[in-house]
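Student: how would this look folded up:
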Amino acid sequence: MGKSLLQEFLSLRLLDIGAEDSRLEKLESTCGELAKTYAINPQGALSPLLAAWDPSAGEDPSLLHIGSVLQGHWPTYRGAFTGEPLTLYRAVVLESVMRAMELQGVLAVAVNLVAANLLPQLKVGQESRILEILVGRADAITAERLKQVWPDQNSATNLAPMAVPPMNSLKKIDENTWFAQVAAAAGSSTNRSGVTLSNANPNWPNQGPPWSYEFAERMTPILADMHDRAAANALKVAGAAFKSLADAVTAKLNEFVTAEQARSNQREATGHLLWWRQSLYSETAEKPYRKLPAALVAWHMALDMSDLLPEVYPPAVESLLFESVDAATGAQGDTELTLGELLQVNGATSQLAQLGWLTEQRTTASRTLLVQALANSYAAGSPEAAKLGVDAELKMLPGDWAIWLLREIKALEALATPDAVEQPAEADA
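Tutor: Residues are numbered from 1 along each chain as shown. Purely as a prediction, here's the structure:
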């Protein structure tokens, strides 16, 4: 695994846990437990993560909850600190998320997307280096997933040559295997010491026909057995070789089909995006974007484009979104909107309030993304500010807000469809 964020906090003297190595071991075990929890339920990592990378988060409930987990590994930890050790909680969350991303790729996708929005707006001070490590790893994992779903259309499918499995050599048979039987067929005794003949031929070769008749009767089953064993050994080796070859061919064909399916899916997504860009019609608003105010254009375009995209997408997609918003809003697109104005969209005059997916984003979490804040607002019937540590007067062009919202939507979609993760083994009672 890469660098420990706990160690980074300690190295930068942002966290002091004393000189006892056992304390660090207790923190490591706490992170291990949380990492497994976040890997299995990545949605549960969102709220503590949003608080953990904001040094001004204060006594956020999602951070205070970390204390109860830490208590199980370090029962006396409160005696080592004055007040709530918020920096300790934040360090534990960040390290746990770092570990969980290695097990749960969709969490890395969400970190990549949400960090691109929020981190430039937060004053992280000395912790910037720590967050760079976390986000850098999330970016790397996301890039690997992007290669799988959005391959380069300008190059041929480049698969590694199939490795032909070697055929095992036939097992050499010990020359002494049939000696006793052959000797018994040839006569009643042998010059080899320690060899006992069973039911030996009572005749000797100089006895002529009696010996030859007896020898033929005895030697025939020996040769048949020798043949059968050799043939069975050859069939076993050949069967294993053919199975290995068939498995290798099947795996390579499946790899090729998967790669070509990804190319086909990408071409289909590209075609849908081009049609959407040219038509400038909103499926979620059920009307052309040009008939919507700028704030609603940002919302509906982000929602509509998200339906046309796979889990991860290349940076050029966000450029396409910005240009589409600019084309649909005209002069309005040159006027910056505040965060408050973006959230004060009237549900009665748009289709946003009726969207089932948006309704499902309601949350009681202590930290909410813009999408979640709007969902809560519609559910409560009154505006709710997003709890992100971002100034409500933050201003951006409608196109930039659309990109922000698209990232949130794809992050929430990713967290809602996690990869299968092996359940941790239960300890024996």
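Student: what about the stretch 1-150 of the chain, any weak spots by pLDDT?
Tutor: Using pLDDT under 70 as the threshold, the predicted model of the stretch 1-150 of the chain has low-confidence ranges 1-2.
Student: helix/strand/coil for residue 140?
Tutor: Here residue 140 takes the helix state, with states given by DSSP: H, G, I helix; E, B strand; the rest coil.
Student: tell me, how many residues neighbour it?
Tutor: Other residues lying near residue 140 total 13 when counted by other CB atoms under 10 Å. Yep, even glycine has a C-beta here, placed from its N, CA and C like the rest.
Student: how close does it get to residue 20?
Tutor: Going from residue 140 to residue 20 by CB to CB, to the nearest Å gives 34 Å.
Student: ok, residue 123 touching residue 56?
Tutor: Yes. Contact criterion CB atoms under 8 Å: residue 123 and residue 56 qualify, at 7.2 Å.
Student: gap between residue 410 and residue 109?
Tutor: In this structure, residue 410 and residue 109 are 8 Å apart, going by CB to CB.
Student: now the common contact residues for those two.
Tutor: When contacts are counted by CB atoms under 8 Å, 6 or more residues apart in numbering, residue 410 and residue 109 have 311, 312 as shared neighbours.
Student: can you map out the helices along the stretch 1-150 of the chain?
Tutor: In the stretch 1-150 of the chain, helices defined by DSSP state H, counting those that start in this stretch lie at 5-11, 21-40, 43-52, 61-71, 86-103, 105-118, 128-149, listed in chain order.
Student: quick one, the fifth one and helix 105-118 angle?
Tutor: Inter-element angle recorded for helix 86-103 and helix 105-118: 130 degrees (by axes from the mean of the first three to the mean of the last three CA atoms, to 10 degrees).
Student: show me what counts as buried in helix 86-103.
Tutor: Taking 16 or more other CB atoms under 10 Å as the neighbour-count basis, helix 86-103 is seen to contain the buried residues 86-101, 103.
Student: with the fourth one instead?
Tutor: Of the residues in helix 61-71, 62, 63, 66, 67, 69, 70 count as buried by neighbour count, 16+ other CB under 10 Å.
Student: related to what we said a few turns ago, can you redo the helices of the stretch 1-150 of the chain as a markdown table with distance to residue 366?
Tutor: Compiled in a markdown table, these are given as follows (distance: least, CB to CB, whole Å):
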| stretch | distance to residue 366 |
| --- | --- |
| helix 5-11 | 22 |
| helix 21-40 | 17 |
| helix 43-52 | 6 |
| helix 61-71 | 5 |
| helix 86-103 | 13 |
| helix 105-118 | 15 |
| helix 128-149 | 20 |
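Student: indicate which one of those helices is closest to residue 394.
Tutor: Shortest separation from residue 394 across the helices of the stretch 1-150 of the chain is recorded for helix 105-118, at 10.7 Å, computed as CB to CB.
Student: angle of that closest one against helix 128-149?
Tutor: 120 degrees.
Student: how about residues contacting helix 105-118?
Tutor: Residues from elsewhere that reach helix 105-118 (CB under 8 Å, 6+ apart): 38-39, 42, 45-46, 49-50, 53, 97, 100-101, 131, 134-135, 137-139, 141-142, 145, 311-312, 369, 388-390, 404, 407-408, 410-412, 414-415, 417-419.
Student: hey, where'd the helices end up in the stretch 301-429 of the chain?
Tutor: Using DSSP H, counting those that start in this stretch, the helices assigned to the stretch 301-429 of the chain run over residues 316-329, 339-343, 356-359, 370-380, 398-416.
Student: work out the gap between the longest one and the centre of the chain.
Tutor: Centroid separation for helix 398-416 versus its chain: 19 Å, with CA atoms, centre = their mean, to the nearest Å.
Student: list the buried residues for that helix?
Tutor: Of the residues in helix 398-416, those with enough neighbours to count as buried (16+ other CB under 10 Å) are 398-415.
Student: do the same with the third one
Tutor: Within helix 356-359, the residues that qualify as buried are 357, 358, counting by 16+ other CB under 10 Å.
Student: just the CA atoms of that helix, as PDB, please.
Tutor: These are the backbone C-alpha positions of helix 356-359, laid out as PDB (Å, rounded to 0.1, in the frame of the first residue of the first chain):
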ATOM      1  CA  GLY A 356     -37.500  10.500  -8.700                       C
ATOM      2  CA  TRP A 357     -33.700  10.300  -8.600                       C
ATOM      3  CA  LEU A 358     -33.400  13.700  -7.000                       C
ATOM      4  CA  THR A 359     -36.000  12.800  -4.400                       C
END
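Student: longest helix in the protein, please.
Tutor: Longest helix in the chain, counting residues (DSSP state H): helix 209-279.
Student: tell me what that one is packed against?
Tutor: In terms of contact count using 3 or more CB pairs under 8 Å, 6 or more residues apart in numbering; DSSP states H and E, helix 209-279 is assigned the packing partners helix 128-149, helix 179-186, helix 294-306, helix 316-329.
Student: can you give me the neighbour number for residue 385?
Tutor: When neighbours are defined as other CB under 10 Å, residue 385 has 15 of them.
Student: tell me the contacts of it?
Tutor: Contact criterion CB under 8 Å, 6+ apart gives 340, 343, 373, 392 as the residues in contact with residue 385.
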